[in-house]
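S.K.: Sharing a model that was predicted from the sequence below.
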Amino acid sequence: EGTDMLKQDHTGDGILDRAIKLKSVLESFPDPSAIISSTGRILRGNSGWERLASSLTMESAAFMECGKELGGLVKRFTEDKNIEEFNDLLSGRKNSLSLELNLSEISEGKGLSLFVSRITLEDMPIFLAIIKDGTEINNLRSLLKEIIYHDNLTGLGNESYFNLYLSRKILRAMDDGSSLFVLYIEISNIKEIMAMFGKRISNSLVVRTFRRLKENLGGKEFFRVQHDAFAVVLESIDRGVLYLELSSLIVKLEKKIICENLELFPDILVGVCEFPVDGKSVDDIMSNCLGALFRAKRENLKWSFYS
């Protein structure tokens, strides 16, 4: 079948003529697209295909040389296992193919994906190939992740990210049969400071407080879970040791901070919850951390365990 179709390609009749008629169809695709025969030869490419080739200047010569025969492109830029899949597609043993093109040899290392579908045109099998540039998609995905999971002011993970992080920690602790503590650290007078001196000063106080946390609990991963609150997970620590560390930590956090000639004193409150004693899910742990914090406020304490 492939030999007959190749002969038709050489004569300019048959499937090549049909491919030419499909030029308008190809141009309707926003991505680089081409029609290939069962020999793997490019019969017709759209303008996007040509632009992609010219943008990969090595560079483009290598792409154009391989691009004349899609099999060459696959062999040059993919893993060996994908060559088998490509041959299965051409022989009819499968109807579609999706793979990543490994363009590390190309100067910009574009992240391209190749999609090929087997279609039948007037009882003849041909293949529609589409190449998608994943660079923009990957950049967008990274940007969305940054927006969804990170706090712009401090650069820390936000509440959503902390929930994922704590979920993983809980699963690991369940497997190990270990325990962990979650500290919910609130700057309880931040709203008052914002009302008196403005958001810029209150933001500065938040950042400076985080720096002190980092200095005094080095090596831990912090999260800003509310405008006025941070969270941190402590593992492999004894309850008695934590008791002593909390007293020392709060004294250090509440030391005077100078912001634009203003003397500010953060008012720190901490609620502590232990897994699995005080809860076995993210929601239970966080709810009980707040419960411990409210108890500290109610009893005029600086910190409190949930139980």
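M.R.: Structure's in. What do you need? Residues are numbered from 1 along each chain as shown.
S.K.: Now do the helices in the chain.
M.R.: Using DSSP state H, the helices of the chain run over 2-11, 15-21, 23-27, 47-55, 60-67, 70-77, 80-91, 135-149, 159-176, 190-197, 199-216, 239-253, 282-298.
S.K.: Could you save the ones you listed as JSON lines and add columns showing distance to residue 306, mean pLDDT and mean neighbour count?
M.R.: Yep, even glycine has a C-beta here, placed from its N, CA and C like the rest. Below are the helices of the chain laid out as JSON lines (distance: least, Cβ to Cβ, whole Å; pLDDT from 0 to 100; neighbours: other Cβ atoms under 10 Å):
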{"stretch": "helix 2-11", "distance to residue 306": "72", "mean pLDDT": "38", "mean neighbour count": "13"}
{"stretch": "helix 15-21", "distance to residue 306": "70", "mean pLDDT": "61", "mean neighbour count": "17"}
{"stretch": "helix 23-27", "distance to residue 306": "64", "mean pLDDT": "76", "mean neighbour count": "14"}
{"stretch": "helix 47-55", "distance to residue 306": "59", "mean pLDDT": "74", "mean neighbour count": "16"}
{"stretch": "helix 60-67", "distance to residue 306": "62", "mean pLDDT": "54", "mean neighbour count": "17"}
{"stretch": "helix 70-77", "distance to residue 306": "56", "mean pLDDT": "72", "mean neighbour count": "19"}
{"stretch": "helix 80-91", "distance to residue 306": "53", "mean pLDDT": "80", "mean neighbour count": "15"}
{"stretch": "helix 135-149", "distance to residue 306": "27", "mean pLDDT": "71", "mean neighbour count": "11"}
{"stretch": "helix 159-176", "distance to residue 306": "15", "mean pLDDT": "93", "mean neighbour count": "15"}
{"stretch": "helix 190-197", "distance to residue 306": "23", "mean pLDDT": "94", "mean neighbour count": "15"}
{"stretch": "helix 199-216", "distance to residue 306": "21", "mean pLDDT": "94", "mean neighbour count": "17"}
{"stretch": "helix 239-253", "distance to residue 306": "12", "mean pLDDT": "92", "mean neighbour count": "14"}
{"stretch": "helix 282-298", "distance to residue 306": "4", "mean pLDDT": "95", "mean neighbour count": "18"}
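S.K.: So which of the ones you listed is nearest residue 98?
M.R.: helix 80-91 (9.2 Å; Cβ to Cβ).
S.K.: Relative to residue 228, which of the helices of the chain is closest?
M.R.: helix 190-197 (4.1 Å).
S.K.: so what secondary structure elements neighbour the closest one?
M.R.: Judged by 3 or more Cβ pairs under 8 Å, 6 or more residues apart in numbering; DSSP states H and E, helix 190-197 is in contact with helix 199-216.
S.K.: and the helix it packs on with helix 190-197, angle?
M.R.: Computed by axes from the mean of the first three to the mean of the last three Cα atoms, to 10 degrees, the angle separating helix 199-216 from helix 190-197 equals 140 degrees.
S.K.: List of residues touching helix 199-216?
M.R.: 153-154, 156, 185, 187, 190, 193-194, 220, 222, 224, 227-228, 230, 232, 248-249, 252-253, 255, 257, 259-260, 262, 264, 266, 268 (Cβ atoms under 8 Å, 6 or more residues apart in numbering).
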